[in-house]
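Q: build the 3D model from these lines:
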Amino acid sequence: MSETKNTNSPATENRPWWQQIPLTLQIIMALVLAVILGISLGAGNPNPSNAIFITNLAIPAELILKALRALATPLILVAVLHTFMTTNIPSKAGRRLAVILVTNTSVAILVGLLVANVLRPGTWGSLVLPVPTQITVQSFDPWRLFKDAVPQAILQPLVDNNVIQLIVIAISFGLVLRGLKSEQIDQGKKEYQSTENVIATLFDAIIRILNWVIALVPLAVFGIVAQVIAERGFVPFQSLAAFIVAVLLALFLQACYYLLRIKIGSWVNPRQFLVGGADAFLTAFSTSSSTVTMPITFEILQTKIGLRESSASLGALVGSNFNHDGTALYEAMSALYISQVIGQHLSLGQQLVVVLTSIFASVGAAGIPNAGLVTMTLVFTSVGLPTDYIALLVTVDWFLDRCRTAINVMGDMTVSALLDGKKPRSVNEA
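A: This is a model prediction of the structure:
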């Protein structure tokens, strides 16, 4: 979640000085100031006269969470439609690409759930919000889940935050619009361009509003951290430290899975893959954006790793619109972690709902900056978890976002390597 624009551009120079500070640095500064304020307010032993002030510190975080919940559903809907209208995937290669993407994302989520179930980071400390939250316990019914995939009204998923229904609607309209576009292209017509431009404009507008909300994240971090430290001291953050360790371990295991798949299913040497892709991984970590990294990834796959252009384009350009394994892993782990924190056991069936919702959410929001923070609200809602806790996860999300973005890019590159097959590019192809 960092600022990815060129700081030397005229647009940047005309912005206020505080907007020219990278978002990551803003968050770090907010954390430092929040710790100072929290300690000055009592660090676990607050003065009763400051109670109202301390309680109001969480208001910015609450407002930002409301904005994220409001943006999540239209964001995914428009993102899926935009992807269907702007990507070109050959049918045969598209089927193979779909299988690889679904497999990689499913494995990422299962790895995340496995690590969260084994380490149980939510039990390593106390992380209770000062304001009680109402927990909705939901039983798992596969038949009901299947029936609920079709909404009663087209706009209902936008209100209910039902990501599965939302994806069903988005894919249905996306397939129809793509079919109409193909027909009009065959007939030499250009009417589809109007629809495509409208969707692109809506997509850009939502992204711009999202960027406004993300720009306020440091204020939310400052408020929620200061409030927690003032009321409960530093004890709650022991649990967050355990969560960071668990997520990093899960991302490392996912990276090992990628290398194993490359070793078995591609001609590319895993060591060559790591060395050649170093620039892309570092760019992804530093910018926290797989979209910004995309051109570098595409070039590296051809020049440093030696893949065919068709394979590189499908994995790095097309696949990146659907493939966010690190984000899906993180969302699944976040849901299980919070369930452990509040003592709400998620059954195997409910964890399956988390898997499905995380897959759909990551597919719909792939390529969107800070997508994990937005779609996490939908994953939490799917199993009845209170979204209030996302405010505390924001305090560590700025770092974990960079780590999972690097894994997202590594996943895109893995897809390209697998599509390239076991036979290296010949001299004539080069």
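Q: every contact and neighbour count from this point should use C-alpha atoms.
A: OK.
Q: low-confidence regions, the stretch 301-430 of the chain specifically.
A: Applying pLDDT under 70 to the stretch 301-430 of the chain picks out residues 317-322, 361-373, 425-430.
Q: now the helices for it?
A: Per DSSP state H, counting those that start in this stretch, the stretch 301-430 of the chain carries helices over the ranges 309-312, 325-341, 348-365, 371-382, 390-420.
Q: and those: which comes nearest residue 267?
A: helix 390-420 (7.9 Å; Cα to Cα).
Q: need the helices of the stretch 301-430 of the chain in TSV (columns: mean neighbour count).
A: TSV is the format used below for the helices of the stretch 301-430 of the chain (neighbours: other Cα atoms under 10 Å):
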stretch	mean neighbour count
helix 309-312	21
helix 325-341	27
helix 348-365	24
helix 371-382	26
helix 390-420	25
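Q: mind saving the C-alpha coords of the helix or strand hosting residue 205 as CSV?
A: Counting by DSSP states H and E, the element that carries residue 205 is helix 192-215. This file holds the C-alpha atoms of helix 192-215, laid out as CSV (Å, rounded to 0.1, in the frame of the first residue of the first chain):
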residue,chain,number,x,y,z
TYR,A,192,-19.0,-2.2,-28.2
GLN,A,193,-16.5,0.6,-27.7
SER,A,194,-19.1,2.7,-26.0
THR,A,195,-19.9,0.0,-23.4
GLU,A,196,-16.2,-0.7,-23.0
ASN,A,197,-15.5,3.0,-22.4
VAL,A,198,-18.3,3.3,-19.8
ILE,A,199,-17.0,0.3,-17.9
ALA,A,200,-13.4,1.6,-18.1
THR,A,201,-14.6,5.0,-16.8
LEU,A,202,-16.5,3.4,-13.9
PHE,A,203,-13.5,1.3,-13.1
ASP,A,204,-11.1,4.3,-13.0
ALA,A,205,-13.6,6.3,-10.9
ILE,A,206,-13.9,3.6,-8.3
ILE,A,207,-10.2,3.2,-8.2
ARG,A,208,-9.8,7.0,-7.7
ILE,A,209,-12.3,6.9,-4.8
LEU,A,210,-10.5,3.9,-3.3
ASN,A,211,-7.2,5.9,-3.4
TRP,A,212,-8.9,8.7,-1.5
VAL,A,213,-9.9,6.2,1.2
ILE,A,214,-6.5,4.6,1.3
ALA,A,215,-4.9,8.0,1.7
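Q: circling back: distance to residue 289 for the helices of the stretch 301-430 of the chain - can I get that in JSON lines?
A: Below are the helices of the stretch 301-430 of the chain laid out as JSON lines (distance: least, Cα to Cα, whole Å):
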{"stretch": "helix 309-312", "distance to residue 289": "18"}
{"stretch": "helix 325-341", "distance to residue 289": "12"}
{"stretch": "helix 348-365", "distance to residue 289": "13"}
{"stretch": "helix 371-382", "distance to residue 289": "10"}
{"stretch": "helix 390-420", "distance to residue 289": "6"}
